[in-house]
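Chemist: Got a sequence here, can you model it:
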Amino acid sequence: MPEIYDVVIIGGGPAGLSAGLYGSRARLDTLIIEKSKYGGQTTTTSELENYPGSIPNCTGPSLSQRMKEQAASFGTKFVKDEVASIDASSDIRIVKCKDEQYHARTVIIASGAEPAMAGFKGESEFRGRGVSYCATCDADFFTDLDVALIGGGDSALTEALYLTKFVNKLTIVHRRDAFRGTKSLQERVFDNPKIDIAWNSIPVGIVGDEIVEGLKIKNKLTGEVTTLNVNGVFVFVGLNPLSDFLKGFVDMDEKGYILTDDEMKTNIPGVFAAGDVRQKTLRQVVTAASDGAVAATSAERYIASKFGE
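Modeler: Numbering: from 1, shown residues only. The predicted structure follows:
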């Protein structure tokens, strides 16, 4: 007979790790399946200022590691694998992966999201050759060089400030005439002498042969196309949910975000969703961790009512 877990969690980001902690502390046999890095998007964050208790000197990777260690200390198990589908045709769900399959009374989907592409010419071709989606990963490659950054939300402004520790000059290309990021971040950006801003502008295409040598941008108001002489382009224009493997299984919105209620329940009994993959208004580490705690608590209640445990 295969081992039957109380909870199988898909994804080891803040939502999944929080769910693992709460599940294990409730004495549920809990497994987290993660295909890549534990911590998810958090591992690409250089500084955490908006997670309670995170300052001073807290980075995304360090917080992720502490989250994993804390969950493990209460008994959470971990496995590296990629989930292909979920079979919920019986009371015991089967999580089918590339290498193995796992049986569980409940499943928590915390697969997260990945950076969206801006869609300009050359973006895919020059990824890893000057186009990046992670300042923490790649900033040091651009020490004393000029770079451009696409975006205007919290993530974009946070990463812009981090990049200024390395680069010579940074130009933020933003399609509107005002940022969407929080006021405190905007103030720091405006006060930073290394940052220029190209308002009402969109990226058109990469200039270069083997590596990025420039970025063409277009002013939306005048139609004028100019070239920024930059050696790198960082893209922070939003997220896409990692939910393709679940299409047709759980209810989603038009963008692929999973629909849940306040208890993280999906339309499938015993299947919950938490974190960035869920339809919600705010995607931050603190809300992901909260989602995970709620999802694990809901899973515990489901097990008690369904299986009498």
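Chemist: Grab the most central residue of the chain for me.
Modeler: Centroid-nearest residue in the chain, with C-alpha atoms, centre = their mean: Gln41, separated by 3.7 Å.
Chemist: which ones are touching it?
Modeler: By C-beta atoms under 8 Å, 6 or more residues apart in numbering, the contact list for Gln41 reads Gly13, Gly60, Gly112, Ala113, Glu114, Leu239, Asp276. No exception for glycine: its C-beta is placed from N, CA and C like everyone else's.
Chemist: What of Ser155?
Modeler: Ser155 sits in contact with Phe236, where contact means C-beta under 8 Å, 6+ apart.
Chemist: and it, helix, strand or coil?
Modeler: Look at Ser155: counting by DSSP: H, G, I helix; E, B strand; the rest coil, its state is helix.
Chemist: wait, what's in contact with Arg129?
Modeler: Here Arg129 is in contact with Glu210, Ile211, Val212 (C-beta under 8 Å, 6+ apart).
Chemist: ditto for Lys98
Modeler: Asp81, Glu82, Ala84.
Chemist: Taking those residues, please make a PyMOL selection of just the buried ones.
Modeler: A single PyMOL command selects the buried members of the contacts of Lys98 (16 or more other C-beta atoms under 10 Å):
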select buried, resi 81
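Chemist: so can I have a markdown table of the contacts of Lys98 showing pLDDT, secondary structure and distance to Pro203?
Modeler: What follows is these, written out as a markdown table (pLDDT from 0 to 100; DSSP: H, G, I helix; E, B strand; the rest coil; distance: C-beta to C-beta, whole Å):
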| residue | pLDDT | secondary structure | distance to Pro203 |
| --- | --- | --- | --- |
| Asp81 | 97 | coil | 36 |
| Glu82 | 96 | coil | 32 |
| Ala84 | 97 | strand | 35 |
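Chemist: ok, Tyr38 touching Ser64?
Modeler: Yes. Counting by C-beta atoms under 8 Å, Tyr38 does reach Ser64; the two are 5.9 Å apart.
Chemist: any shared contact partners between the two?
Modeler: Gly13, Leu17.
Chemist: follow-up on the earlier one: in TSV, list the contacts of Gln41 along with pLDDT.
Modeler: Below are the contacts of Gln41 laid out as TSV (pLDDT from 0 to 100):
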residue	pLDDT
Gly13	96
Gly60	86
Gly112	96
Ala113	94
Glu114	91
Leu239	91
Asp276	96
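Chemist: Let's see which of the residues you listed end up in strands.
Modeler: Ala113, Glu114, Leu239 (DSSP state E).
Chemist: List the buried residues of the one helix or strand in the chain whose mean pLDDT sits lowest.
Modeler: Ranking every helix and strand in the chain by mean pLDDT, DSSP states H and E puts helix 135-138 at the bottom, with a mean of 86. Neighbour counts over helix 135-138 (16+ other C-beta under 10 Å) mark Ala135, Thr136, Asp138 as buried.
Chemist: ditto for stretch 94-107
Modeler: Quick answer for stretch 94-107 (16+ other C-beta under 10 Å): Ile94, Val95, Cys97, Tyr102, His103, Ala104, Arg105, Thr106, Val107.
Chemist: Domain map for this structure?
Modeler: For the chain, automatic domain parsing gives the domain ranges 4-115+239-307, 131-235.
Chemist: Can you give the distance of the last one from its chain's centre?
Modeler: Using C-alpha atoms, centre = their mean, to the nearest Å, the mean C-alpha position of domain 131-235 is found 20 Å from that of the whole chain.
Chemist: for it, how far is the first residue from the last?
Modeler: 8 Å (C-alpha to C-alpha, to the nearest Å).
Chemist: since we're on Ser201, how many residues are nearby?
Modeler: For Ser201, the tally of surrounding residues (other C-beta atoms under 10 Å) stands at 24.
Chemist: So what pairs up with it in the strands?
Modeler: Ser201 has these beta-bridge partners by DSSP bridges: Asn219.
Chemist: From the buried residues of stretch 94-107, pick the one nearest Lys77.
Modeler: Nearest to Lys77 among the buried residues of stretch 94-107, counting by C-beta to C-beta, is Tyr102 at 10.1 Å.
Chemist: Spit out the contact partners of the closest residue to the closest one other than its chain neighbours.
Modeler: Sequence neighbours aside, Val95 is the residue nearest to Tyr102 in space, at 4.6 Å (criterion: C-beta to C-beta, 6 or more residues apart in numbering). Contacts here follow C-beta under 8 Å, 6+ apart; on that basis Val95 touches Val8, Ile10, Ile33, Val83, Ile86, Gln101, Tyr102, His103, Ala104, Val107.
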